[in-house]
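# kindly return the folded structure for what I paste below:
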Amino acid sequence: MGKRDTSGFNTIQLLGDATLTILGIVIAFHLRYEIIQARNWEPFIEIWWVLFIGAIALFYFFQSYRCGEKRVSDSVFAAISALLVLNFFTMAITYFTRGFAYPRSIVAISFLTQSGLLIIWKNILYRVYLMMFPGKTILVFGTQEENERIFFKLLSGNKEYDKKIFAENYNQEVKELLLEADEVVVPMDFQMKDEIIKVCFESKVQLSIRPTLHEVSMFATELGQIDDIPILTIKPLGLNQVQRMLKRSFDIITSVISIIVLSPIYAAVVLAIALEDGFPVIYRQERLTLDNKVFHVMKFRTMIKNAEKDSGPVLAMGADTRITKVGRILRATRLDEFPQLINVLKGEMSMVGPRPERAFFVEEFSKELPEFQYRTKVKAGITGLGQILGKYTTTPRDKLTFDMIYIRNYSFLFDIKICFQTVQILFSKTAAKGFTHADTFEAVRQNEEYKVEEGEGYFVVNK
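Residues are numbered from 1 along each chain as shown. Here you go, the predicted model:
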């Protein structure tokens, strides 16, 4: 482990989350009944340990135990997502073991009590974390352009670092700074990478690697051998037959349920678009999906009619004058994407996957990033890893990296996790802090809030 060994703290979080989950059920029984009947209580006694273990597994899967490393709101949402799955699991297991002896009203009440307990618990944990692990120091290696870009990302990100160090090369001064750091980030193609990794291992400094697309393509390898010579076998890019069948089943079920549940919202959006800018309300556009197959993606229209009549294919920007008033709301809430559920039901798209691109932009991006064409080794998706972890300002290379990581690490559970995280993104906005990308590093030097120190090939920013 690194200098900041949070494993013990995270274990306490995980066990605390699971314990409060069981306590929430006990409280629900006392709220529901003045006198608890044995026939209702005994099914819970028989399975409480199963629920406890299941809670631990789900909280671990949704990473709710990382409060402090993540924002309180993110940790709470992860915990509530895990609770939803656990309560469905509870209803299922009690049905098959003791019929309806375990009251369904307890499941509903316990979800509320569990959520309340976990919200209080997470807020306490966050404050304890800040007291136990204050002021992290991060050291980032890279070119001057890369370092300044990452610097502004850190200012607007969720993690808080009291000290930020950015180095273009590795020398004795930088080594001394490295030994003081809690976390080091180095590009895979950095010239002194091997020496930096060695020092990090020896000094127990947490090390993070920024992979190139080549390294991402090496993910999901299997250990093999030729006689007594070890080899790593790289799996073909894409999904196997079983994975495709499982993914398609998931797509059909979730799209049908979503269309039924969201139908009132569909009607309201149709009315709003029609009143502002008339018909049609649905915009169809050619995009590429699995194996570069062309299909017509469906979206609620957010721009004026014939927006690209004179300009041709153009990427939409935040201040684009072609976007209507209703369109801005739809884009901000992602409601414009809802008609794509029909594309999913038709088998043209998947719930999770790389976002579908137009052939024009695929051709343009592929000139600089030949690996961009690999995104179509799976079906295009409504949401994906790039959508939940990236932003509008994320570069095409970084978005491609997220897509490649998803394809390489696909699993059914991974899809479920991304869907839950997508819901979280819909109900939260990342507030930019400090500077914007329009600002320059010179503005940082002149800002009294930041103390900047510079040396040979590096600079340090203290907040």
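
# I273 contacts I304, doesn't it?
No. Contact status for I273 versus I304: not in contact, 11.3 Å apart, counting by C-beta atoms under 8 Å. Any C-beta I mention is one placed from the backbone N, CA and C, and that applies to glycine too.

# where do the contact lists of these two overlap?
T324 (C-beta atoms under 8 Å, 6 or more residues apart in numbering).

# give me the more crowded residue out of the two.
I273 (23 against 14; other C-beta atoms under 10 Å).

# how about the more buried one, nearest residue that isn't a chain neighbour?
Counting by C-beta to C-beta, 6 or more residues apart in numbering, I273 lies nearest to V281, which is 4.3 Å off, once chain neighbours are set aside.

# count of residues packed around that neighbour?
17.

# which ones are touching it?
Counting by C-beta under 8 Å, 6+ apart, the residues that V281 touches are 269-270, 273-274, 300-301.

# closest one to D398 out of these, please.
D398 has its nearest neighbour among the contacts of V281 in F300, at 27.5 Å by C-beta to C-beta.

# how about the contacts made by that closest one?
269-270, 273, 281-283, 330, 335-336, 338-339.

# what is the nearest of the residues you listed to E146?
Distances from E146 to these, taken by C-beta to C-beta, are shortest for D336, at 33.0 Å.

# I'd like to know how far that closest one sits from V242.
According to C-beta to C-beta, to the nearest Å, D336 and V242 sit 34 Å apart.

# try K391
K391 is 34 Å from V242, by C-beta to C-beta.

# quick one: which of the two has more around it?
K391 (13 against 9).

# three-state assignment of the more buried one?
Here K391 is recorded as coil under DSSP: H, G, I helix; E, B strand; the rest coil.

# now it: how far from F402?
From K391 to F402 the distance is 11 Å (C-beta to C-beta).

# continuing past the worst-scoring helix or strand of the chain on mean pLDDT, what's the next helix or strand?
Scoring the helices and strands of the chain by mean pLDDT, DSSP states H and E places helix 441-446 at the bottom, with a mean of 63. Note on helix 441-446: by DSSP states H and E, the next helix or strand toward the C-terminus is strand 451-455.

# next structured bit after that next one?
The C-terminal neighbour of strand 451-455 among helices and strands, as given by DSSP H and E, is strand 458-462.

# packing partners for that next one?
strand 161-167, helix 172-180, strand 451-455 (3 or more C-beta pairs under 8 Å, 6 or more residues apart in numbering; DSSP states H and E).

# do me a favour and average the pLDDT over that strand.
Mean pLDDT, strand 458-462: 79.

# again with stretch 28-36
Rounded mean pLDDT across stretch 28-36 is 88.

# end-to-end on that stretch?
One end of stretch 28-36 to the other measures 11 Å (C-alpha to C-alpha, to the nearest Å).

# residues in contact with it: which ones?
With C-beta under 8 Å, 6+ apart as the criterion, stretch 28-36 contacts 40-41, 44, 103, 105-106, 109-110, 112-113.

# quick check: the two most widely separated of those?
W41 and L112 (19.5 Å).

# quickly find the element holding K299.
Using DSSP H and E, K299 falls in strand 294-300.

# now the strands for the stretch 101-250 of the chain?
136-141, 161-167, 183-187, 206-210, 221-226, 229-234 (DSSP state E, counting those that start in this stretch).

# nearest to F250, of these?
Short answer: strand 221-226, nearest of the strands of the stretch 101-250 of the chain by C-beta to C-beta, at 25.0 Å.

# convert the C-alpha atoms of that closest one to CSV, please.
Extracted as CSV, the C-alpha positions of strand 221-226 are listed here (Å, rounded to 0.1, in the frame of the first residue of the first chain):
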residue,chain,number,x,y,z
THR,A,221,-4.8,-10.7,-21.4
GLU,A,222,-4.6,-14.4,-20.5
LEU,A,223,-1.5,-16.1,-19.2
GLY,A,224,-0.3,-18.9,-21.5
GLN,A,225,2.9,-20.7,-22.2
ILE,A,226,5.0,-22.2,-24.9
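
# much appreciated, bye for now.
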